[in-house]
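> after the sequence you'll find the predicted model.
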Amino acid sequence: MSIDKEAMYESYEDVRNDDTPTMWVAFKYDNKVIKPAASGEDYGEFLSLLGEDERVYGFVRFETGDELSKRAKFALITWVGPRTSVLKKAKVSTDKAFVKQVVQNYAKEILADSLEELAYDDVLAQVKATGGANYGTGVRA
């Protein structure tokens with residue numbers, strides 16, 4: 001197994017960059033190489049890429065904080081579709097180590113095999129929980 005490290009790093013940095021609208025990147029297998037397959041601004045579009053017999057690694061940006069302190073937090077999502085073969089499932093943990101050579105900074109790591117586990121609000125709550133307390137009043141002065 002190998003990765004297209006340069007292309008992955010470029011896509012990863014695009015999601016991390018505060019000056020771009022890119023919210024996510026999906027890394028997929030192209031033969032035996034993991035590489036960026038798509039990126040975008042809409043979380044629903046990311047979810048639409050997760051096939052029932054696929055393995056996908058996603059790096060997703062979430063905006064967290066209160067009215068006084070907005071900040072970006074990131075999640076590394078590993079998708080293993082429910083119809084993925086046993087052999088391919090077994091390779092996910094070792095293949096993910098290659099992905100983590102590039103994707104190194106994230107607040108939450110999530111492994112999912114059902115789209116219900118990746119509902120935006122649920123993932124956002126998990127990411128927020130890693131960030132500590134929010135002390136805001138809910139009103140910007």
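Ah, there it is. Keep in mind that what you see is a predicted model, and the values were worked out from it rather than measured.

> what's the lengthiest helix in the chain packed up against?
Using DSSP state H to define each element, the chain has its longest helix at helix 86-99. In terms of contacts (3 or more Cβ pairs under 8 Å, 6 or more residues apart in numbering; DSSP states H and E), helix 86-99 is packed against strand 2-3, strand 33-40, strand 55-66, strand 69-80. In short, each C-beta sits where N, CA and C put it, glycine included.

> what helices or strands is the third one leaning on?
Put plainly, it is strand 55-66. Counting contacts by 3+ Cβ pairs under 8 Å, 6+ apart, strand 55-66 is packed against helix 5-16, strand 24-30, helix 43-48, strand 69-80, helix 86-99, helix 120-129.

> in the fourth one, what's buried?
It refers to strand 69-80. 72, 73, 74, 75, 76, 77, 78, 79, 80 (16 or more other Cβ atoms under 10 Å).

> check contacts around the first one.
Put plainly, it is residue 72. 16, 18, 61, 62, 63, 64 (Cβ atoms under 8 Å, 6 or more residues apart in numbering).

> what is the last one paired to in the beta sheet?
Spelled out, it's residue 64. residue 71 (DSSP bridges).

> OK, contacts around it?
70, 71, 72, 73, 124, 127, 128, 131.

> would you format the residues you listed as JSON lines with distance to residue 57 and pLDDT included?
Listed next are the contacts of residue 64 as JSON lines, based on distance: Cβ to Cβ, whole Å; pLDDT from 0 to 100:
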{"residue": "70", "distance to residue 57": "26", "pLDDT": "81"}
{"residue": "71", "distance to residue 57": "23", "pLDDT": "88"}
{"residue": "72", "distance to residue 57": "19", "pLDDT": "92"}
{"residue": "73", "distance to residue 57": "18", "pLDDT": "95"}
{"residue": "124", "distance to residue 57": "19", "pLDDT": "94"}
{"residue": "127", "distance to residue 57": "17", "pLDDT": "93"}
{"residue": "128", "distance to residue 57": "22", "pLDDT": "89"}
{"residue": "131", "distance to residue 57": "22", "pLDDT": "70"}
